[in-house]
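K.L.:
requesting a structural model of the entry that follows:
(one chain, ligands or ions: 1)
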Amino acid sequence: MKEELDKIDLSGLDIDQIGDDHMFSSIETPMRKDAFALSDDEKIARIETSFREIMETLGLDLNDDSLSGTPKRVAKMYVKELFSGLKPENKPDARVFDNKYQYGQMLVEKNIRVQSNCEHHFLPILGIAHVAYISSGKVIGLSKINRIVEYFGKRPQVQERLTLQIAEELKRVLNSEDVAVLIDTRHLCVAMRGVQDSSSSTVTTEYSGKFKDKNVRDEFLRYAYAGDPQNRF
Ligand SMILES: [Zn+2]
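P.N.:
Take a look at the predicted model:
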């Protein structure tokens with residue numbers, strides 16, 4: 001962690017613009033220092049121009065009714081939807097509450113929809129996440145867990161980093177190390193190109209705190225995969 005910090009050149013950087021999810025570590029999405037210098041509208045305009053060039057280079061006639069709106073449509077989709085999680089202010093406000101009931105067992109939120117895009121090919125990653133935590137005194141609204149998964153999914157990603165970013169954010173919000181994240185997805189860059197394998201899926205996990213214990217982890221996996229016809233675990 002310290003080494004990572006030393007490598008980052010902070011000169012000329014307005015710390016207030018970075019947002020509090022900037023973790024300054026290897027799990028942070030690599031961003032340019034001027035990442036937030038352009039407004040959304042300016043980004044959309046630039047991407048529209050660039051995407052038009054891509055389409056024209058491919059030989060497409062942008063005068064065609066069906067194609068003429070595509071560059072702008074793609075640009076808006078990138079900035080406002082698919083990659084909106086690059087903007088710290090879009091991070092869900094994950095308020096936590098006191099654990100009034102003194103519930104001390106694990107809570108598992110399973111089958112959370114994962115929609116992301118791989119940063120190597122800009123093709124979709126689709127699947128599910130199972131997330132669990134054991135309260136250290138605070139509890140989080142259930143839908144906020146889904147929102148955290150959604151937020152980090154809306155970035156160009158590699159699945160390993162997505163898994164860790166979700167886990168780190170939960171640890172930060174809950175002020176607890178006792179967090180588990182399992183992500184099981186299909187990568188369209190594997191299904192549609194390269195080896196063109198549409199049946200394989202990719203599983204990544206992050207277990208910290210009490211979930212490093214085999215019994216606790218096994219309990220989590222039993223709940224996560226209960227009723228799963230493929231019963232992979
Ligand atoms: Zn890929």
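
K.L.:
from here on, just use CA atoms for contacts and neighbour counts.
P.N.:
Will do.

K.L.:
helices and strands around the host helix or strand of residue 167, which ones?
P.N.:
Using DSSP states H and E, residue 167 sits in helix 159-174. Contact here means 3 or more CA pairs under 8 Å, 6 or more residues apart in numbering; DSSP states H and E; on that basis helix 159-174 packs against strand 138-140, helix 142-153, strand 179-187, strand 202-207.

K.L.:
for these, could you give me TSV that also reports mean pLDDT, mean neighbour count and distance to the ion?
P.N.:
Listed next are these as TSV, based on pLDDT from 0 to 100; neighbours: other CA atoms under 10 Å; distance: least, CA to the ion, whole Å:
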stretch	mean pLDDT	mean neighbour count	distance to the ion
strand 138-140	92	19	33
helix 142-153	97	20	14
strand 179-187	97	24	7
strand 202-207	97	17	12
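
K.L.:
and the helix holding residue 167, what's buried?
P.N.:
Residues of helix 159-174 classed as buried: 159, 161-171, 173-174 (neighbour count, 16 or more other CA atoms under 10 Å).

K.L.:
picking up where we left off before, make CSV from the helices and strands packed on helix 159-174 and add distance to residue 71 to it.
P.N.:
Shown next, in CSV, are the helices and strands packed on helix 159-174 (distance: least, CA to CA, whole Å):
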stretch, distance to residue 71
strand 138-140, 40
helix 142-153, 23
strand 179-187, 24
strand 202-207, 32
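
K.L.:
out of those, which is closest to residue 127?
P.N.:
If you check each of those against residue 127 by CA to CA, strand 179-187 wins as the nearest, at 3.9 Å.

K.L.:
just the CA atoms of the very next helix or strand once past the closest one, as CSV, please.
P.N.:
For strand 179-187, the following helix or strand on the C-terminal side (DSSP H and E) is helix 188-191. Taking C-alpha atoms only, helix 188-191 is exported to CSV below (Å, rounded to 0.1, in the frame of the first residue of the first chain):
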residue,chain,number,x,y,z
LEU,A,188,-18.9,-11.9,-23.9
CYS,A,189,-15.3,-11.4,-25.0
VAL,A,190,-14.8,-15.1,-24.3
ALA,A,191,-18.2,-16.1,-25.7
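
K.L.:
next one: phi and psi at the residue of the chain most remote from its centre?
P.N.:
If you look at how far each residue of the chain sits from its centre, by CA atoms, centre = their mean, the farthest one is residue 63, at 36.4 Å. Phi and psi for residue 63, reported as degrees, to the nearest 10, are phi -80, psi -10.

K.L.:
likewise residue 102?
P.N.:
The phi/psi pair for residue 102 (degrees, to the nearest 10) is phi 60, psi 30.

K.L.:
which one's the longest helix in the chain?
P.N.:
helix 40-57 (DSSP state H).

K.L.:
quickly check: the helix holding residue 167 near the ion or not.
P.N.:
No: using CA under 5 Å from the ion, helix 159-174 never reaches the ion; the gap is at least 9.9 Å.

K.L.:
what average pLDDT does that helix get?
P.N.:
For helix 159-174, the mean per-residue pLDDT is 97.

K.L.:
in PDB, list the C-alpha atoms belonging to it.
P.N.:
The C-alpha trace of helix 159-174 is given here as PDB (Å, rounded to 0.1, in the frame of the first residue of the first chain):
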ATOM      1  CA  GLN A 159     -13.600  -9.200 -12.700                       C
ATOM      2  CA  GLU A 160     -10.900  -9.600 -10.000                       C
ATOM      3  CA  ARG A 161     -10.800  -5.800  -9.500                       C
ATOM      4  CA  LEU A 162     -14.600  -5.600  -9.500                       C
ATOM      5  CA  THR A 163     -14.700  -8.200  -6.700                       C
ATOM      6  CA  LEU A 164     -12.100  -6.400  -4.600                       C
ATOM      7  CA  GLN A 165     -13.700  -2.900  -5.100                       C
ATOM      8  CA  ILE A 166     -17.100  -4.200  -3.900                       C
ATOM      9  CA  ALA A 167     -15.500  -5.900  -0.900                       C
ATOM     10  CA  GLU A 168     -13.400  -2.800   0.100                       C
ATOM     11  CA  GLU A 169     -16.400  -0.500  -0.200                       C
ATOM     12  CA  LEU A 170     -18.500  -2.800   2.000                       C
ATOM     13  CA  LYS A 171     -15.700  -3.000   4.600                       C
ATOM     14  CA  ARG A 172     -15.400   0.800   4.600                       C
ATOM     15  CA  VAL A 173     -19.100   1.400   4.900                       C
ATOM     16  CA  LEU A 174     -19.700  -1.300   7.500                       C
END
